[in-house]
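A.B. asks: 3D, please:
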Amino acid sequence: MEPKEFGSLSGAADAYVSRMDAELAPPPLGLALADPPSAARIAAADRAARHWQSSEPGELRPGTDAHTRAVARMFRETFNPYKPAVIDWPKLSEAARARLVSLPIWDIAVQTEGKARIRMLAYAETVRDPDWHGAIELNGWEEGRHKSVLANLVAAYDVALAPEPPYPPPRHPEWAYLVTGFSECIDSFFAFGLFALAERSGFFPPELVETFEPVMQEECRHILLFANWLGWHRATLPWWRRPFFELQVLAAWAFLGLERISLARGVGGVPDQDNNFTVTGSQAVSGQDVSVSELMRLCLSENDRRFAGYDARLLRPVTMPWLTRMALRVMRR
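C.D. replies: Below is the predicted model:
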């Protein structure tokens, strides 16, 4: 489908976002939220969210109906019906709460989820294929749920946030979706390792790790969906549009690379401590000196672990694991 500019979202998407803004509206595709879910249902949903195999026979080649059906089913059937409003945030000791509040991530985390939600819903409105439209729309809904989870967490522990900026819909939905998808691939890769490091070091109490874990695994599902959408989109584009799309992909990586260099230098539109968190994150969540190579290996192992339960025939994000392995080889030499 041809990309189109959005001065504002369509009426349907506007209404959809408005419903989500109240107390998250029911998800699309008829997926149910328990109110509140039982412990058994939570355990079953958590396992289902991490393990999925397609019944489609043979190779799942991007661009085929079998691949599209498999990805859409994967995203529906691994949906986790937790509800932010009924999450029982564990009571923390003063020391644990102080460590949590000191993390310089909360403003940028909430704002990132707000931007991701609107961008994914905007792009979903441009997709004609019903399976991909439904999956990307659900992805946008889940980004809104992440924002709600973070908002409830900071409220539960009295974390002060800066005023949120507006989240205008993108003028170029496909470009915005590409940037958001690749950004999530980068951020999730490092977040997996940092989250594991925080758990092992005791920075996060076990109860808080267990409570927040579904959100981390949901990010794995999101970038799994994006990697397979990218393969499908490349396979189904008319030949004459492919060069421009590949230029967009290169431009997105260049944009994100420059953005992260800017963040590492402490310049940008958010406070310096937010921008520098990616660089100093391992010390921030462990209180220990962790070498760059150790952190890289942990990110790789956690990335592999989180993807291990999904059908091996589905595409995985490959750029960050490849770059990390290459960097480790160079460092060894």
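A.B. asks: after the helix or strand where residue 118 lies, next one along is what?
C.D. replies: For residue 118, the host element (DSSP states H and E) is helix 106-124. With elements assigned by DSSP H and E, the helix or strand that comes after helix 106-124 is helix 130-156.
A.B. asks: now whichever helix or strand comes after that next one against helix 106-124, angle please.
C.D. replies: Sequence-wise, the next helix or strand beyond helix 130-156 is helix 173-201, with elements assigned using DSSP H and E. Note on geometry: by axes from the mean of the first three to the mean of the last three C-alpha atoms, to 10 degrees, helix 173-201 and helix 106-124 are set 140 degrees apart in direction.
A.B. asks: Would you mark the buried spots in helix 173-201?
C.D. replies: When neighbours are counted by 16 or more other C-beta atoms under 10 Å, the buried residues of helix 173-201 are found to be 173-199. The C-beta positions use only the backbone N, C-alpha and C, and glycine is treated the same way.
A.B. asks: where does the residue lying closest to residue 185 once chain neighbours are set aside land in three-state SS?
C.D. replies: When the adjacent residues along the chain are set aside, residue 185 lies closest to residue 317, with 4.4 Å between them (C-beta to C-beta, 6 or more residues apart in numbering). For residue 317, the reduced secondary structure class is coil; criterion used: DSSP: H, G, I helix; E, B strand; the rest coil.
A.B. asks: my guess is residue 317 contacts residue 222, does it?
C.D. replies: No - taking contacts as C-beta atoms under 8 Å, residue 317 lies outside contact range of residue 222: 10.2 Å.
A.B. asks: Now for the residue nearest to residue 185: which residues touch it?
C.D. replies: The contact partners of residue 317, by C-beta atoms under 8 Å, 6 or more residues apart in numbering, come to 185, 189, 223, 224, 226, 227.
A.B. asks: now residue 293
C.D. replies: Residues in contact with residue 293 (C-beta under 8 Å, 6+ apart) are 328, 331.
A.B. asks: where's it relative to residue 327, distance?
C.D. replies: Counting by C-beta to C-beta, to the nearest Å, the separation of residue 293 from residue 327 is 8 Å.
A.B. asks: for the contacts of residue 317, which one is nearest residue 253?
C.D. replies: For the contacts of residue 317, the closest approach to residue 253 (C-beta to C-beta) belongs to residue 185, at 10.2 Å.
A.B. asks: Touching, the closest one and residue 322? I think so.
C.D. replies: No - checked against C-beta under 8 Å, the pair residue 185 and residue 322 is beyond contact range at 11.5 Å.
A.B. asks: any idea of the pLDDT on the spatially closest residue to residue 141 that is not a sequence neighbour?
C.D. replies: Counting by C-beta to C-beta, 6+ apart, residue 27 is the residue found nearest to residue 141 once chain neighbours are left out, at 5.1 Å. Residue 27 carries a pLDDT value of 81.
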